[in-house]
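Novice: Give me a 3D structure for the following:
(one chain, ligands or ions: 1)
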Amino acid sequence: MSAKIISGTETAKEIREELKAEVAELKEKHNVVPGLVTILVGEDPASQSYVAAKNKTAHALGIHSEQVTLPAETSEEELLSLVDKYNNDDKIHGILVQLPLPKHIDESKVLYAIDPDKDVDGFHPVNVGKMVLGEQCFLPCTPHGVLELLTRAGVETSGAEVVVVGRSNIVGKPVANLMLQKREGGNATVTLCHTRTRDMTFHTKRADILIVAAGVANMIKGDQVKEGVVVIDVGVNRVGMSESGKAILAGDVEFDSVKEKAAAITPVPGGVGPMTITMLMKNTVQAAKQFAGLA
Ligand SMILES: Nc1nc2c(c(=O)[nH]1)N[C@@H](CN(C=O)c1ccc(C(=O)N[C@@H](CCC(=O)O)C(=O)O)cc1)CN2
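Specialist: Purely as a prediction, here's the structure:
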């Protein structure tokens, strides 16, 4: 079997077209322009490129976006006061603080300072709590993107054995939670594996849908999955540099061996990554609608 490729690039393009039309209608009918601020602290090259991509996408969709770039030495206090400023800026409906932050800044303190109504990353405990309860809230972008990819690829999740590898707050825990909820794209039987899992292959081989977000390049190989599995690879690992100076990327799944057994698989790059940025745009539009009383 050679797998169908689930293209995040294509799906993201489709959703961005929908969003572009929605943004135009918001402006035309209600004079509402969604606004996003991205805050980058330091000079991590990957973060720089993600933030640039977020602003470029926002611009292409007609979303007002502002980028604030701060030096790595910025104090926690300075960052908190910037967040406070944007909490009180009516042009800005979504605040994104790019992670990771430099070590001297308490990430939780900063994320908890964002107004939950502007928390388009879905990382504030109010939104995390609402997500767990299945209430309307901002869903974290990568897990939300994974759900959209599965739904739009027509993958049946109800009753499926879903195995998630990785228990981060950004991906593993929320995606596992969303997949088990009583909702479209959920209703699965979920197993969450992590670094202390005793027999990883026992679990991954049982998966109808395998979601890997471990941050370890090529960790899952072909002999660890069953025939017909649907594989969502969340990993974006920089494993080298091309002659032209471009980063060489690998997922957490060994693509060549796994695709021979899978029914469908996401590539890296071009899989979950583009969906993360697209779902951020979707959340920003939602935030603007809520602010304007249109949601
Ligand atoms: N505040 C946040 N910080 C971080 C998040 C997040 O959701 N919110 N997630 C990650 C990084 N991330 C978004 O910020 C992100 C990662 C990867 C991609 C992406 O499009 N990847 C491409 C490859 C791009 C490349 O060449 O590196 C792909 O997979 O095709 C987008 C966003 C951590 N921080």
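Novice: Thr197: neighbouring residues, count only.
Specialist: The tally of other residues near Thr197 (other CB atoms under 10 Å) stands at 16. In this view, the C-beta of every residue, glycine as well, is placed from N, C-alpha and C.
Novice: again, but for Gln98
Specialist: Gln98 - counted by other CB under 10 Å - has 20 other residues nearby.
Novice: same question, the one 3 residues further on
Specialist: By the criterion of other CB under 10 Å, Leu101 has 23 neighbours.
Novice: Ok, Val41 next?
Specialist: 25.
Novice: Show the contacting residues for the residue nearest to it when sequence neighbours are not counted.
Specialist: The spatially closest residue to Val41, leaving aside those adjacent along the chain, is Leu70, at 4.7 Å (CB to CB, 6 or more residues apart in numbering). When contacts are counted by CB atoms under 8 Å, 6 or more residues apart in numbering, Leu70 is found next to 39-42, 78-79, 82.
Novice: Sitting in helices, which of these do you find?
Specialist: Judged by DSSP state H, these include 78-79, 82 as members of helices.
Novice: Next up, the contacts around Thr57.
Specialist: 16, 277-278, 281.
Novice: Apply 7 Å and report the result again.
Specialist: Contacts for Thr57 (CB atoms under 7 Å, 6 or more residues apart in numbering) come out as 277, 281.
Novice: secondary structure class for it?
Specialist: Following DSSP: H, G, I helix; E, B strand; the rest coil, we place Thr57 in the helix state.
Novice: If I look at it, what pLDDT would I see?
Specialist: In this prediction, Thr57 carries a pLDDT score of 98.
Novice: And Lys10, how far from the ligand?
Specialist: Wrong residue type there; residue 10 is Glu, not Lys. Here Glu10 is placed at a distance of 12 Å from the ligand (CB to the nearest ligand atom, to the nearest Å).
Novice: what's the nearest residue to Glu184 if we skip its chain neighbours?
Specialist: Nearest non-adjacent residue to Glu184, counting by CB to CB, 6+ apart: Thr151, 6.6 Å away.
Novice: got it, and Gly145?
Specialist: Per CB to CB, 6+ apart, closest to Gly145 is Met275, 2.9 Å.
Novice: What count of nearby residues applies to that neighbour?
Specialist: Neighbour tally, Met275, other CB under 10 Å: 28.
Novice: And the one 5 residues further on, by the same measure?
Specialist: Leu280 has 29 neighbouring residues, counting by other CB under 10 Å.
Novice: from memory it sits against Phe123, does it?
Specialist: No: with contacts defined as CB atoms under 7 Å, Leu280 does not count as touching Phe123, sitting 11.7 Å away.
Novice: Output the contacts of Leu70 in JSON lines; the columns should cover distance to Ser257 and pLDDT.
Specialist: Shown next, in JSON lines, are the contacts of Leu70 (distance: CB to CB, whole Å; pLDDT from 0 to 100):
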{"residue": "Ile39", "distance to Ser257": "40", "pLDDT": "98"}
{"residue": "Leu40", "distance to Ser257": "37", "pLDDT": "98"}
{"residue": "Val41", "distance to Ser257": "39", "pLDDT": "98"}
{"residue": "Gly42", "distance to Ser257": "37", "pLDDT": "98"}
{"residue": "Glu78", "distance to Ser257": "48", "pLDDT": "98"}
{"residue": "Leu79", "distance to Ser257": "43", "pLDDT": "98"}
{"residue": "Leu82", "distance to Ser257": "46", "pLDDT": "98"}
